[in-house]
Structure formats: structure tokens, C-alpha cells
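Novice: no sequence on hand, only this structure:
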């Protein structure tokens, strides 16, 4: 919602008579904020959108790992471009903060996957599509799963109940 709010705020701001003379600079700042926020770096909205798009075709766990790896790559490219172009303390602080946040997400990826699984267990989502998978690591966002345990399939609910030590 950040980029959408920023766009709406910009439309409102440029219609206030006091800001008519500042339209050009407001446009530059607005575009910079929206562009930065849409970078595919995980703590930013662009990284979360990337994760959502990736999770359409792959499991939640894989989409999370891929989006974190892409985040590191984009930070590296961003660092090379901006540190060579304009070596400033602001850029160093932004890059340091982004690296710090992506590192935290990388260290917590197991917990993020468990949070996803716990939400699947606690909230009884209903999905139209059913997918056969081999483990909890293969669960996707918009599908109900039958999970292979041994040589037979169990429902997602049964396997998650066993994982979180609750009765079905």
C-alpha cells in the first residue's frame, strides 16, 4: 500500500494552491520515493511484490529464498551504481540498512516459513485447487495440499496439526 498511498498523496498535494510553485520538485521526490520503494529488495514493497509473484509458480519457501537472493543482487547493483556515481554518507547509510534488513530476513527465513505454516493451520483457508506435495517445504499460497507421508497422502491439516502438536 506504500506506493499507492504515495501516489494518492502526490495527487492531493499538487492540487493544493500553496504547492503550485513546487510541482516539479514534488514530482521528483514522489517519483524517487515510489521508485525506491518498488526496488525488488525484500523489506521494501517491491521485494514483497516479487515474493508474491514468485509464489504463484513455486512454494512459499522457495519464493522467499529466491526473493532474498534477488534482494542481495539488487543491493549489490545499487551499491556499485550509486557509490561510483555519488559517494555520500546517505547512500552508505541506505545500503547498510538494506543489507542489515535482508540479513535479518535471511537469518529468520525458517521462522517466516513456520509463520506461514502456522497461519495455514490456524486459519481455515479454503482453496479450490489441490496439489500433491512431498513435504511441508513445498506448500504454496493459493492451493490446498495433500502431503506424502511414508507411502500415503495425508491432508495438510493433519500434517500441520502433527507439526504444531495439536489434535486435529
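Specialist: Now that the structure is in, tell me what you want to look at. Since we're looking at a predicted model, the values are computed, not measured. Numbers count the residues shown, from 1 in each chain.

Novice: so which residue is dead centre in this structure?
Specialist: Geometric centre of the chain, nearest residue: residue 48, 2.2 Å, by Cα atoms, centre = their mean.

Novice: hang on, residue 43 is in a helix, isn't it?
Specialist: No. Checked against DSSP: H, G, I helix; E, B strand; the rest coil, residue 43 lies outside a helix; its state is coil.

Novice: these two touch, right, it and residue 108?
Specialist: No. Applying Cβ atoms under 8 Å, one finds residue 43 not in contact with residue 108, separated by 11.6 Å. Every C-beta, even on glycine, is put in place using the N, C-alpha and C of the backbone.

Novice: of these two, which one has the most company?
Specialist: Using other Cβ atoms under 10 Å as the criterion, residue 43 and residue 108 rank with residue 43 on top: 15 against 12.

Novice: dihedrals phi and psi, that one?
Specialist: phi -70, psi -20 (degrees, to the nearest 10).

Novice: quick one, grab the pLDDT at it.
Specialist: Per-residue confidence (pLDDT) for residue 43: 86.

Novice: does anything pack onto whichever strand or helix holds residue 76? Which helices or strands?
Specialist: Using DSSP states H and E, residue 76 sits within helix 60-85. Counting contacts by 3 or more Cβ pairs under 8 Å, 6 or more residues apart in numbering; DSSP states H and E, helix 60-85 is packed against helix 45-57, helix 89-107, helix 109-122.

Novice: please name the residues that touch the residue nearest to the centre of the chain.
Specialist: Contacts here follow Cβ atoms under 8 Å, 6 or more residues apart in numbering; on that basis residue 48 touches residue 42.

Novice: and it, how far from residue 7?
Specialist: Counting by Cβ to Cβ, to the nearest Å, the separation of residue 48 from residue 7 is 17 Å.

Novice: could you chop the chain up by domain?
Specialist: Taking automatic domain parsing as the criterion, the chain consists of the domains 2-114, 125-163.

Novice: longest strand anywhere in this protein?
Specialist: If you go by DSSP state E, the chain has its longest strand at strand 144-149.

Novice: would you mark the buried spots in the helix holding residue 76?
Specialist: 60-61, 63-65, 67-68, 70-72, 74-75, 78-79, 82 (16 or more other Cβ atoms under 10 Å).

Novice: correct me if wrong: residue 59 contacts residue 137.
Specialist: Yes. Residue 59 is in contact with residue 137 according to Cβ under 8 Å; the separation is 6.4 Å.
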